[in-house]
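Visitor: Fold the following.
(4 chains)
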Number of protein chains: 2
Amino acid sequence: MSRRRDSAALTLERNAETFAALGDPIRLSLVTKLIGSEPRSISDLTEGTRVTRQAITKHLRVLENVGVVHSVKHGRESLFKLDPKPLASMQEYLAVIASQWDDTLKRLKTFVEET
Amino acid sequence: MSRRRDSAALTLERNAETFAALGDPIRLSLVTKLIGSEPRSISDLTEGTRVTRQAITKHLRVLENVGVVHSVKHGRESLFKLDPKPLASMQEYLAVIASQWDDTLKRLKTFVEET
DNA sequence: TTAAAGGGCAATAAAATGGTTGCGTGTTTC
DNA sequence: GAAACACGCAACCATTTTATTGCCCTTTAA
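Guide: Prediction:
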């Protein structure tokens, strides 16, 4: 049973990391810029912000570490695109909270909660 | 048009704050504990954690500031309960990203078919 | 073949975060 | 009434985060 406990804790940690990655206005705006867009370069993504290219680079790495974006090198520039898959479990999580009054989902919560 | 831009920026800032509030393992576990539960006291919520009551108090205030929880005083203890409403816009946001993914697949499919 | 553009790396510096301890106040309980 | 419980406040510390600057390397373009 400790295996389930561990994996629950790991999931919690992972979800928290992903939430944290989106928990910054600049990073959230980067994600927004990438919605429905072709892959964009760092310089492109830096335009219109009040911070330097290096700052944007660091933010992009944070997003990349949780898998929300990922980059491909293309000549001298590296292009970033969105990958919404890692957000699935966050969506599920929020869905559970939103339906907290539902008894069936309460039991699911109990399962998830096992600490 | 600048009005819309401003309110968009504010929304972005607010959403980022809410994401950030959930972007910590302890806070996320607090939220999980409160799912489908009666209002719980701070001491109660501190049990089973490796940090002090004060630390938990601070985390609860972070969650309260974005409206994810709120507290009611009841005698000598203050009870916290979950409020899922503020998470709605986060859910919408994630839904938009997910739908963008569908669009990407469509474009990819179109591209492949045209080739 | 230079000059410019796109980026990576490293060394900072400043600010925010997470946590603790100590102490004080109000509230139950015995 | 005194002890135990629940909590708030403030000072403080360590770590992490955010952002900048300077320098160098590669790729593209004039």
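Visitor: Would you map the helices across chain A?
Guide: In chain A, the segments counted as helices under DSSP state H are A:2-22, A:25-34, A:42-46, A:53-65, A:88-98, A:103-113.
Visitor: Out of those, flag the one nearest B:Phe19.
Guide: helix A:2-22 (4.2 Å; C-beta to C-beta). (Each C-beta comes from the backbone N, C-alpha and C, glycine too.)
Visitor: what does that closest one contact?
Guide: A:27-28, A:31, A:62-63, A:65-66, A:68, A:86-87, A:89-90, A:93, A:112-115, B:16, B:19-20, B:22-25, B:27-29, B:32 (C-beta atoms under 8 Å, 6 or more residues apart in numbering or on different chains).
Visitor: you'd agree A:Ser43 is up against A:Arg53?
Guide: Yes: the criterion here is C-beta atoms under 8 Å, and A:Ser43 meets it with A:Arg53 at 6.3 Å.
Visitor: Compare those two and say which is more crowded by neighbours.
Guide: A:Arg53 (13 against 10; other C-beta atoms under 10 Å in any protein chain shown).
Visitor: Could you find the closest non-adjacent residue to the residue nearest the centre of chain A?
Guide: The residue lying closest to the centre of chain A (C-alpha atoms, centre = their mean) is A:Thr18, at 4.0 Å. Computed as C-beta to C-beta, 6 or more residues apart in numbering or on different chains, the closest residue to A:Thr18 that is not its neighbour in sequence is A:Val66, at 4.7 Å.
Visitor: for A:His59, same thing?
Guide: Nearest one to A:His59, counting by C-beta to C-beta, 6+ apart, is A:Arg27 at 4.9 Å.
Visitor: Next one: that neighbour from DNA strand D, what distance?
Guide: According to C-beta to the nearest atom of the strand, to the nearest Å, A:Arg27 and DNA strand D sit 8 Å apart.
Visitor: Up against DNA strand C, what does chain A have?
Guide: Residues of chain A lying near DNA strand C by C-beta under 7 Å from any atom of the strand: A:Ser41, A:Ile42, A:Ser43, A:Asp44, A:Arg53, A:Gln54, A:Thr57, A:Ser71, A:Arg76, A:Glu77, A:Ser78, A:Leu79.
Visitor: you'd agree the last one is up against A:Arg40?
Guide: This means A:Leu79. Yes: applying C-beta under 8 Å, one finds A:Leu79 in contact with A:Arg40, separated by 6.4 Å.
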